[in-house]
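[1] For reference, the sequence and a predicted model appear below.
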Amino acid sequence: MTRVALVEDDAAISELVRYNLAEEGYAVTVHRDGESLVRSLDGPAASLPDLFLLDVMLPGLDGFGVLAEIRRHPSASERPVLMLTARGSEADKVRGLESGADDYLAKPFGIRELLARVRALLRRNARAPYPTADPASADAGPVAGATAAPFDPPTASIPSHSEVLHGAGGVLLDDARHRVFRHDGEVSLTNREYELLRHLIRGAGIAYSRDDLLRAVWGFDFAGETRTVDVHVRQLRLKLGDEDPDAPLIETVRGRGYRYRES
């Protein structure tokens, strides 16, 4: 059963969300404060939630602080996070997304929309293997924000059955294992960053609008939330070292959106 952790201090809202998630077949654990959720991360990796729902305005440790703890955790760092908050300003949304949230839903929200976003996040992350609890393991996935030690050549570690995507600038995706390489090193991406990069590379040369990318990568329309794409593109550029203004890997197409360079 898919596990969801909900951090919400408003009893009425938490019960409404818990009930509807349970009706959809999810196993829901409710936490009234951020500290309770953070303590729960120390349990067995197999019992960690598959998705986190975080309210921002919590007593004590707020939602941004909880998000930071999740992203630092070796076993939980790649799990999707949906932030729920009464704060609907663009600045708050951008802060949440730049801090590693996968989605941001402002209160008041409709339960049908919440459930749709939960399903989309879980669907998009289902193909990505979660990192093991043992960071010393050879099979451990990269922790978000970290860069693996370089090795030569990167293709030596890719099994023959993997689908390998080659992008301009020496970018290589091992799709079966959800890993990204550039030149002689591995690049650590969040699940959403990976999905966005894969979509752009598969359509190299095609100019996608922000709405196109939201539908393809996030799975449904975000009404007016195209800034989400800009934030993720900026993070991709930073992590890939895409800093050449004359020949960027991810090109900005004025009046349209973005495309990945063909060669």
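    Ah, there it is. Treat the numbers as computed from the prediction; the structure is a model and nothing was measured.
[2] I'd like the domain boundaries of this structure, if you could list them.
    3-125, 154-260 (automatic domain parsing).
[3] Val30 reaches Arg18, doesn't it?
    Yes - assessed by CB atoms under 8 Å, Val30 is found in contact with Arg18 at 5.6 Å. The way it works is simple: take the backbone N, C-alpha and C, and place the C-beta from them, glycine included.
[4] okay, and the common contacts of the two?
    Leu6 (CB atoms under 8 Å, 6 or more residues apart in numbering).
[5] For Lys239, which non-adjacent residue is spatially closest?
    Val187 (5.5 Å; CB to CB, 6 or more residues apart in numbering).
[6] Who are the contact partners of the one you found?
    147, 180-181, 239-240.
[7] Just put the residues you listed in a markdown table and tack on secondary structure, neighbour count and distance to Leu200.
    Output for the contacts of Val187, formatted as a markdown table (DSSP: H, G, I helix; E, B strand; the rest coil; neighbours: other CB atoms under 10 Å; distance: CB to CB, whole Å):
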| residue | secondary structure | neighbour count | distance to Leu200 |
| --- | --- | --- | --- |
| Thr147 | strand | 12 | 21 |
| Val180 | strand | 26 | 12 |
| Phe181 | strand | 22 | 16 |
| Lys239 | helix | 19 | 14 |
| Leu240 | helix | 21 | 11 |
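[8] Name the member of those with the shortest distance to Ala46.
    Checking the contacts of Val187 against Ala46 by CB to CB gives Val180 as the nearest, at 26.3 Å.
[9] What is the end-to-end distance of stretch 247-261?
    End-to-end distance for stretch 247-261: 8 Å, by CA to CA, to the nearest Å.
[10] Could you pull up the mean pLDDT of stretch 207-214?
    The average pLDDT within stretch 207-214 is 89.
[11] can you pull the alpha-carbon coordinates of the helix or strand of the chain with the lowest mean pLDDT into PDB?
    In the chain, no helix or strand scores lower on mean pLDDT, DSSP states H and E than helix 90-98, which sits at a mean of 72. The C-alpha coordinates for helix 90-98 follow below in PDB (Å, rounded to 0.1, in the frame of the first residue of the first chain):
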ATOM      1  CA  GLU A  90       4.700  33.800  -5.900                       C
ATOM      2  CA  ALA A  91       7.600  34.400  -3.600                       C
ATOM      3  CA  ASP A  92       6.500  31.600  -1.200                       C
ATOM      4  CA  LYS A  93       5.900  29.200  -4.100                       C
ATOM      5  CA  VAL A  94       9.300  29.900  -5.600                       C
ATOM      6  CA  ARG A  95      11.000  29.500  -2.200                       C
ATOM      7  CA  GLY A  96       9.300  26.100  -1.800                       C
ATOM      8  CA  LEU A  97      10.200  24.900  -5.300                       C
ATOM      9  CA  GLU A  98      13.800  26.100  -5.000                       C
END
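[12] How about residues contacting that helix?
    By CB under 8 Å, 6+ apart, the list of residues contacting helix 90-98 from outside reads 56, 63-64, 67, 83, 85, 104, 106, 225, 227-228, 231-232, 235.
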